[in-house]
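A.B. asks: Show me how the following folds:
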Amino acid sequence: MHPRYFHGFGCAFAVIGIGMFALPAGIPGAGFVEAIQRRKKREDAAQKKEEDEGRGNYCPHCGKRLR
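C.D. replies: Residues are numbered from 1 along each chain as shown. Take a look at the predicted model:
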């Protein structure tokens, strides 16, 4: 037999263990999402320039006009 408070310790260790892996995994995940959003915004701006100009004379990465 074991004391009842061992159940509390088990729950606490489970929460701490999950936190030790979930938080460090979430930080790079958030950075990845931010990078994808920046890339999509840049591509959308280049596409808008292309549509406004009527032809594809802009770089899809930086949006600068091609010669």
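A.B. asks: Relative to residue 46, how far out is residue 39?
C.D. replies: 11 Å (C-beta to C-beta, to the nearest Å). Bear in mind the C-beta positions are built from the backbone N, C-alpha and C, glycine included.
A.B. asks: same check, this time on residue 65
C.D. replies: From residue 65 to residue 46 the distance is 11 Å (C-beta to C-beta).
A.B. asks: Let me see the backbone angles for residue 4.
C.D. replies: phi -60, psi -30 (degrees, to the nearest 10).
A.B. asks: how many other residues sit next to it?
C.D. replies: The number of residues packed near residue 4 is 7, by other C-beta atoms under 10 Å.
A.B. asks: got it, and residue 58?
C.D. replies: Residue 58: 19 neighbours (other C-beta under 10 Å).
A.B. asks: Neighbour count for residue 39 and residue 46, which is higher?
C.D. replies: Here residue 39 and residue 46 are compared on neighbour count by other C-beta under 10 Å; more neighbours surround residue 46, at 18 against 11.
A.B. asks: returning to that earlier point: return every residue with contacts to both of residue 65 and residue 46.
C.D. replies: Residues touching both residue 65 and residue 46 (C-beta atoms under 8 Å, 6 or more residues apart in numbering) are 58-59.
A.B. asks: Check what pLDDT residue 47 gets.
C.D. replies: At residue 47, the model reports a pLDDT of 83.
A.B. asks: do the same with the one 10 residues further on
C.D. replies: Per-residue pLDDT puts residue 57 at 71.
A.B. asks: just the one 3 residues further on next, same as before
C.D. replies: In this prediction, residue 60 carries a pLDDT score of 74.
A.B. asks: what secondary structure does it sit in?
C.D. replies: Put simply, residue 60 is coil when judged by DSSP: H, G, I helix; E, B strand; the rest coil.
A.B. asks: Name the helix or strand for the closest residue to residue 58 other than its chain neighbours, please.
C.D. replies: Residue nearest to residue 58 in three dimensions, not counting chain neighbours: residue 49, with 4.8 Å by C-beta to C-beta, 6 or more residues apart in numbering. Residue 49 is part of helix 5-53, with elements assigned from DSSP states H and E.
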